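A.B. asks: sequence? don't have it. structure:
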């Protein structure tokens, strides 16, 4: 008998890719007063979230809050039971690919909100929790190495440094971003997050520039800064209108930052310009978007949300050219420079830009009309 659940839980919470491009998906659903969850593996990410096309699936005892690959066949997931579970993917002659339990890590006192993997390999992982603690675990020994307390409220997310296993970042409902150095007796230092006016809700390191990081907040703003004090200027933009759940840089194009939000949109911003320019925006979700990850094979941005959708965003060359053109025209407008006529008409660039802008506006209008129609139907039904 197959161990794969009959259905995939509706609320898709988190996803991650292994080095082979396999997609790990964490889901949950509320039944009565209890959250139940499931894990799913798709060797082809384009098959998600269709259960009949999955490579493997397993029901878990609680809601899934985050998922991470440790190796190509080993993974970890955090849950609302305060535990972290380690799984392996194995192949059975009769049942095919299966999730096999490896160990369970216990050490938090409340919901685990996020997890990440240190650069030294799959042996050490880090987790954050509503219990205001940050824990570092030895996966091989299945033990807690260190528990850090520095925040005064729920710790929402942690991010391990991409190259230095001694450093990590955290953000919390207390409104602070902390930089941690495991080598120091006083490990935490408070980072200046100005000009951010909201509460940081998610955070990530720049994969190339070792001292740079980005975080999203509850107002929909993204801030890109240097952890070193008084070096460089903060790059702040407003890609969303609601709370941002996750931000993540592309390793293939490290200036591209993907973000997902409660405003039901997915945005890819180019952080090389200040303020950051939007390369692509997707507004096709009908509920909160919670998970995102860049595919290492295709460099597509995959996202998942509570509307039971897994979508992929391919940043086409035309999107980049359009963004660059807008930045150029905006810069000219700000500086007051007049542009030669041939610059506006060469190869029909301006005409194409106008067409693309018009299509983008019409798409947004269509989405607004669709939402208004649904709201009208609900009001009539309730009348």
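C.D. replies: Perfect, I can see it now. Here the structure is a predicted model, which means the values were calculated and not measured. Numbers count the residues shown, from 1 in each chain.

A.B. asks: and the strands in the stretch 151-300 of the chain, which stretches?
C.D. replies: For the stretch 151-300 of the chain, the strands defined by DSSP state E, counting those that start in this stretch occupy 155-160, 167-172, 177-181, 188-190, 200-205, 212-217, 222-226, 235-237, 244-249, 256-261, 266-270, 277-282, 289-294.

A.B. asks: closest to residue 48 out of those strands?
C.D. replies: Taking Cβ to Cβ, strand 289-294 is the member of the strands of the stretch 151-300 of the chain nearest to residue 48, at 10.9 Å. (Glycine included, C-beta is placed from N, CA and C.)

A.B. asks: partner residues bridging the nearest residue to residue 278 once chain neighbours are set aside?
C.D. replies: In space, not counting the residues next to it along the chain, residue 278 is nearest to residue 269; the distance is 5.5 Å by Cβ to Cβ, 6 or more residues apart in numbering. Using DSSP bridges, the bridge partners assigned to residue 269 are residue 257, residue 278.

A.B. asks: contacts only, for residue 269.
C.D. replies: For residue 269, the set of contacting residues under the criterion of Cβ atoms under 8 Å, 6 or more residues apart in numbering consists of 222, 237, 239, 256, 257, 259, 276, 277, 278, 279.

A.B. asks: again, 6 Å this time
C.D. replies: Applying Cβ atoms under 6 Å, 6 or more residues apart in numbering to residue 269 gives the contacts 239, 257, 276, 278.

A.B. asks: which one of those residues is nearest to residue 95?
C.D. replies: Nearest to residue 95 among the contacts of residue 269 is residue 257, at 40.2 Å by Cβ to Cβ.

A.B. asks: save the strands of the stretch 151-300 of the chain as CSV, and put in distance to residue 138 too.
C.D. replies: As requested, the strands of the stretch 151-300 of the chain are arranged in CSV below (distance: least, Cβ to Cβ, whole Å):
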stretch, distance to residue 138
strand 155-160, 14
strand 167-172, 16
strand 177-181, 17
strand 188-190, 21
strand 200-205, 22
strand 212-217, 26
strand 222-226, 31
strand 235-237, 37
strand 244-249, 26
strand 256-261, 31
strand 266-270, 35
strand 277-282, 39
strand 289-294, 25
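
A.B. asks: which residues in the stretch 1-150 of the chain form strands?
C.D. replies: Counting by DSSP E, counting those that start in this stretch, the strands of the stretch 1-150 of the chain are 11-17, 23-31, 34-42, 56-60, 64-69, 74-79, 83-92, 96-106, 112-117, 124-129, 133-138, 143-149.

A.B. asks: quick one: buried residues of the last one?
C.D. replies: It stands for strand 143-149. The neighbour-count check on strand 143-149 (16 or more other Cβ atoms under 10 Å) flags residue 148 as buried.

A.B. asks: identify all contacting residues around it.
C.D. replies: 107, 133, 134, 135, 136, 137, 138.

A.B. asks: just checking: what are the partner strands of it?
C.D. replies: Strand partners for strand 143-149, identified by DSSP bridges, are recorded as strand 133-138 (antiparallel).

A.B. asks: same question for the longest one.
C.D. replies: Within its sheet, strand 96-106 is paired with strand 83-92 (antiparallel), according to DSSP bridges.

A.B. asks: report the buried residues of the partner strand.
C.D. replies: Residues of strand 83-92 classed as buried by neighbour count (16+ other Cβ under 10 Å): 83, 84, 85, 86, 87, 89.

A.B. asks: got the angle between it and strand 112-117?
C.D. replies: Orientation check (axes from the mean of the first three to the mean of the last three Cα atoms, to 10 degrees): strand 83-92 against strand 112-117 gives 60 degrees.
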